[in-house]
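>>> below are the sequence and a predicted model for it; my questions follow.
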Amino acid sequence: MVGLTQALGLAAQGGIAPATRSRVIAVWLFAVALLVFAMVIVGGATRLTGSGLSITEWKPILGAVPPITPGGWVEAFAKYRASSQYYLINQGISFREFKVLFWWEWSHRLLGRLVGLAFAAPFIGFLATRSLPRWLVGRCLALLAVGALQGLVGWWMVKSGLEGRASVAPERLATHLGLALFLFAALIWTGLEAWSGPTKAPRRDGWTVAAAIFAMFVFLQCLMGAFVAGNHAGLMDGDWPLMAGRLFPEGYWQGGLWATFAHSLAAVQFNHRIMAYGLLAFAVTLLVRSGAAPRGLGIIITLGGLAVFAQAGLGVATLLSQVALPLALLHQADAAILLALATTLAWRARRV
């Protein structure tokens, strides 16, 4: 904390590099984004294996050390056996089975700590050595704040599953994943800015708008996927293209807008499907018109379109497999890759 205060003091005194760009900073930001990507994938595995509630306490520092004695493991298992998930779903699981759950959740939390360390320590170092461009200081502080908030939201999410539920609240899961993906995209965007330097006159035309809408569309579709995951709605109506033989699913409306949007299994799966069709149509439109795109956009549009097609195929395969773990993880990984490409497209469209 003292080091951070001193470093920020240097910044306030003008001890920041006046350079407009830094590729060292860009590589650092891209590396942190890669760690966030890994955290998202491990988080998906943690959710799919039902491991997220296996650690019932939040200890940001001491929690980095797992149980190292038999007594420590017995205590951790006892705390889990007192949870509602144990009584409602996993009652009677063996000590070995508990350890599998524990290690998934511990690995996810460890990656979160590594992300924080990989960002904060170099950030302080760059400030102290006056090697961070002045215009990036505020942005990096904002990224640091989002990362810290992500840790708090993670515990807020886990806590919802320890209060009479067998799983976390879907809206809290969506918030947690949404913040992680926002941080991921923001790191990529800021890294691209650091690599090339800020632009004083961003381009504003139809391609800029289309790229921004595409990126927003992808992000919203990821959030819809979080609601599907949070409600375990992927296990409902495992057929395609119909839902239990119907074009429009039975039981869609649950008596209220929020109850339907966030908690109706039929609604969240149907909405995710419809948004996927819309995203696919948008991607096809961009691909068809890519020949007329400004220089530098065509390759990104092509890669983004391929990622959309892959995502649609993985989504259907995941559904038909009743959410097989490998397919579900590939589906989540491709969603993050697609978001990275959409973010890059939106950034590039402003600068061509």
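The structure has been received and is ready for your questions. Numbering: from 1, shown residues only.

>>> hey, let's count contacts and neighbours off CA atoms from now on
Noted.

>>> give the buried residues for stretch 53-71.
Using 16 or more other Cα atoms under 10 Å as the test for burial, stretch 53-71 gives 53-56, 58.

>>> what's the distance between it and the middle of its chain?
24 Å (Cα atoms, centre = their mean, to the nearest Å).

>>> now do the top helix by length along the chain: which elements does it pack against?
As assigned by DSSP state H, the longest helix anywhere in the chain is helix 95-128. Counting contacts by 3 or more Cα pairs under 8 Å, 6 or more residues apart in numbering; DSSP states H and E, helix 95-128 is packed against helix 2-12, helix 23-48, helix 134-160.

>>> give me the distance from that helix to the chain's centre.
15 Å.

>>> same check, this time on stretch 303-313
With Cα atoms, centre = their mean, you get 18 Å for stretch 303-313.

>>> outline the domain layout of the protein.
Under the assignment automatic domain parsing, the domains of the chain span 1-168, 199-352.

>>> ends of the last one, what's the gap?
Length of domain 199-352, first residue to last, Cα to Cα, to the nearest Å: 11 Å.

>>> low-confidence stretches in the stretch 101-250 of the chain?
201 (pLDDT under 70).

>>> doesn't Ala169 make contact with Ser160?
Yes: with contacts counted by Cα atoms under 8 Å, Ser160 reaches Ala169, the gap being 5.9 Å.

>>> which one of the buried residues of stretch 53-71 is nearest His331?
Proximity of the buried residues of stretch 53-71 to His331 (Cα to Cα) peaks at Leu53, which lies at 22.8 Å.

>>> from Arg165, how far out is that closest one?
10 Å.

>>> so what sits against both of the two?
Gln85 (Cα atoms under 8 Å, 6 or more residues apart in numbering).

>>> sorry, back to before: and of the buried residues of stretch 53-71, the nearest to Pro66?
When these are compared against Pro66 (criterion: Cα to Cα), the nearest one is Ile55, at 10.2 Å.

>>> can you tell me the closest non-neighbouring residue to that closest one?
Among residues not flanking Ile55 along the chain, Phe102 sits closest, at 6.5 Å (Cα to Cα, 6 or more residues apart in numbering).

>>> burial check on that neighbour, number of neighbours?
Applying other Cα atoms under 10 Å, we find 23 other residues in the vicinity of Phe102.

>>> now do the contacts for Thr208.
By Cα under 8 Å, 6+ apart, the contact set of Thr208 is 346, 349-350.

>>> so which of these are in strands?
Assigned to strands by DSSP state E, none of those qualify.

>>> and these, which is closest to Leu34?
Ala346 (19.3 Å).

>>> list of residues touching stretch 254-265?
170-171, 227-228, 231-233, 236, 251-253, 267-268.

>>> if we can go back for a sec, can you say which of the domains of the chain is nearest to Leu187?
Closest to Leu187 of those is domain 1-168 (Cα to Cα; 5.7 Å).

>>> that older thread, now the domains of the chain in TSV, with distance to Ala186?
As requested, these are arranged in TSV below (distance: least, Cα to Cα, whole Å):
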stretch	distance to Ala186
domain 1-168	7
domain 199-352	8
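
>>> which of the ones you listed sits closest to His176?
Closest to His176 of the domains of the chain is domain 1-168 (Cα to Cα; 5.9 Å).

>>> the nearest residue to Ala317 once chain neighbours are set aside: neighbour count?
Nearest residue to Ala317 in three dimensions, chain neighbours excluded: Leu327, at 7.1 Å (Cα to Cα, 6+ apart). Using other Cα under 10 Å, Leu327 has 18 other residues around it.

>>> Leu327 in helix, strand or coil?
State at Leu327, reduced to three classes by DSSP: H, G, I helix; E, B strand; the rest coil: helix.

>>> quick one, phi/psi of Arg246?
With angles defined as degrees, to the nearest 10, Arg246 sits at phi -120, psi 150.

>>> among the domains of the chain, which is nearest Thr190?
Thr190 lies closest, by Cα to Cα, to one member of the domains of the chain: domain 1-168, at 7.4 Å.
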